[in-house]
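Chemist: Below: sequence and its predicted model.
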Amino acid sequence: MAKVPKKQNAKPPAMDKLLKPAIGVALAMMAYYFMKGVTSEIARVDVTDALALREVFFGEGSSGKDYAVLCHSEPKDGSAGIPVSSVFQDSHDEGSAPVDFVLMDCDYILPDSGKSIYDKFNLDKKKRPTVFVSGKVGPPKQVPQKHLKTGAMLTKLLKQMLEPHAAKIEKTKELKEKCLNKDYCALLLKGGKPEPYVKHAMANLLGKYPNVQFASVDSNLLFLINLEEYLPEYVSGEHRFVVFKKVSGGLSAGDNSTKAEGRLKTSILALDTPGVSFGAMDALVGNALKGKNLKSIPSLPNIKTRTKKLEEQERSKRDRKKDQARRKQQEDQKPPQQTFEANDGSKEGRRLERERRREEHAKANNIKPKTPEELAEMEKRRRERMEEEAAKWNIGDADAPEEGEPITDEEWEDSDEGDYVDDEEEDDEDVMDLD
């Protein structure tokens, strides 16, 4: 049996070889914790600069920015002051929110109104931290406390408020406020869960048309009265698309001191083919912005729960519209002047035939239409003739026989009453059948 060689014990590496990697790891960890503790400084708005305040409050500057503002008192007497809210600082350091983060002393009294910034914009000072959003998005609007628990929650809210997105509509009030009352609104009527290409198309449209409000509604559950009949018929799984352009009016009812805007009126341009694509929707929005092929609708759409009864009513409206279009097409195809054969014997047909013959007679004999003055003169002469004829037939007191004196046979024979004429037979001879 062969000898088994003895196992040699491995020697540990020298300490100088381990020292360098250990020092590197320690330095890296120290740098990480140091950088984690370091935060970038947030700019402070000079409250004495009126132009800077109007830029932050109303976005009136040339930058056109949105701002997230933390109400933070300015340190006095060289003191460190109150530390900046960690929630606000974390959201600022994360850097993905589409706003500029700034600090402002909201206790400052505005010279024009004599009110503090808190009072001017109805900010609740008791809710800490006091954060509001303003700028291009509009006047200051305070962020609710439920979104100020962490920096991530604040960042998420800012993205939802400021990044373009399609509004989700479920009620008539939301439809009017978020869509119909806007200058332009593009509405996607979903026939089911949107496919990825539909989501990408909507995202691209949001970026291309920042001045157009985009919205969506679930057609599987909801029915839009006064709109469905203008769109392709609903089919489950297929999406539809329509663009609204505000014509006039608004949602304000007005009062004694302020005139009402008037009833809200809108016009539509609908995609007339079932299904959607980016190219088709892009062309439709472009045509609406140019004012091409827009159609005014008499009543604003209302949202109801989709039922079979509403669907049946919509089909009836579609059928009536088709019948009207077909009749109009038939009328347009008729010759300008109807011929004698067009008289079908009905009252309307005979009237049309009389009018046609009257026009032909006037044209052939160069008869001009009578003026109102001529018609009035003709009517006056006609009444005079009627009065003259009536005077001939009326029996006066001088012509009447004396009371109790009978009429003799000779007087009866001389009168016209003795000649009997069969009026019916004479009328039959004189009437000419025009039909």
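Modeler: Thanks, I have the structure now.
Chemist: Which helix or which strand is home to Ala215?
Modeler: strand 213-218 (DSSP states H and E).
Chemist: any idea which helix or strand comes after that strand?
Modeler: Trace forward from strand 213-218 with DSSP H and E and the next one is strand 222-225.
Chemist: ok, Leu269 to Leu189 distance?
Modeler: 14 Å (Cβ to Cβ, to the nearest Å). C-beta: built from backbone N, CA, C; applies to glycine.
Chemist: More neighbours: these two, which one.
Modeler: Leu189 (25 against 22; other Cβ atoms under 10 Å).
Chemist: got a list of what that one touches?
Modeler: Ser216, Val217, Ser219, Leu224, Leu231, His239, Arg240, Phe241, Val242 (Cβ atoms under 8 Å, 6 or more residues apart in numbering).
Chemist: with these in mind, which one is nearest to Asn302?
Modeler: Using Cβ to Cβ, Leu224 is the member of the contacts of Leu189 that lies nearest Asn302, at 7.2 Å.
Chemist: which one is the closest one nearest to, not counting chain neighbours?
Modeler: Closest residue to Leu224 apart from its sequence neighbours, by Cβ to Cβ, 6 or more residues apart in numbering: Pro301 at 4.6 Å.
Chemist: Counting neighbours, what do you get for Leu175?
Modeler: By other Cβ under 10 Å, neighbour count at Leu175 equals 25.
Chemist: Also Tyr184?
Modeler: 17.
Chemist: just checking, it touches Asn287?
Modeler: No - contact status for Tyr184 versus Asn287: not in contact, 11.5 Å apart, counting by Cβ atoms under 8 Å.
Chemist: residues making contact with stretch 134-154?
Modeler: 55-59, 64-69, 85-94, 97, 99-100, 121-124, 127, 129-133, 156-157, 161-162.
Chemist: now stretch 91-99
Modeler: 39-40, 42, 65-68, 101, 133, 135, 151-152, 154-155, 158-159, 162-163.
Chemist: Buried only: go through these for me.
Modeler: With burial judged by 16 or more other Cβ atoms under 10 Å, the buried subset of the contacts of stretch 91-99 is 42, 65-68, 101, 133, 135, 151, 154-155, 158, 162.
Chemist: what residue is smack in the middle of this structure?
Modeler: Closest to where the C-alpha atoms of the chain average out (Cα atoms, centre = their mean) is Leu180, at 2.7 Å.
Chemist: Regarding the residue lying closest to it once chain neighbours are set aside, what is its secondary structure?
Modeler: Nearest residue to Leu180, sequence neighbours excluded (Cβ to Cβ, 6+ apart): Thr266, at 5.4 Å. When classified by DSSP: H, G, I helix; E, B strand; the rest coil, Thr266 comes out as strand.
Chemist: tell me the contacts of Thr266?
Modeler: By Cβ under 8 Å, 6+ apart, the neighbours of Thr266 are Leu180, Phe244, Lys245, Lys246, Val247, Ser296, Ile297, Leu300.
Chemist: quick one: pLDDT of it?
Modeler: Per-residue confidence (pLDDT) for Thr266: 93.
Chemist: Val421 too?
Modeler: Taking Val421 on its own, its pLDDT is 48.
Chemist: for the one 10 residues further on, same thing?
Modeler: Taken from the predicted model, the pLDDT recorded for Val431 is 48.
Chemist: repeat for Glu261
Modeler: Confidence for Glu261, expressed as pLDDT, is 67.
Chemist: quick one: low-confidence parts of the stretch 201-350 of the chain?
Modeler: 253-261, 334-344 (pLDDT under 70).
Chemist: Could you do the stretch 1-150 of the chain as well?
Modeler: Looking at the stretch 1-150 of the chain by pLDDT under 70, you get 1-40, 78-80.
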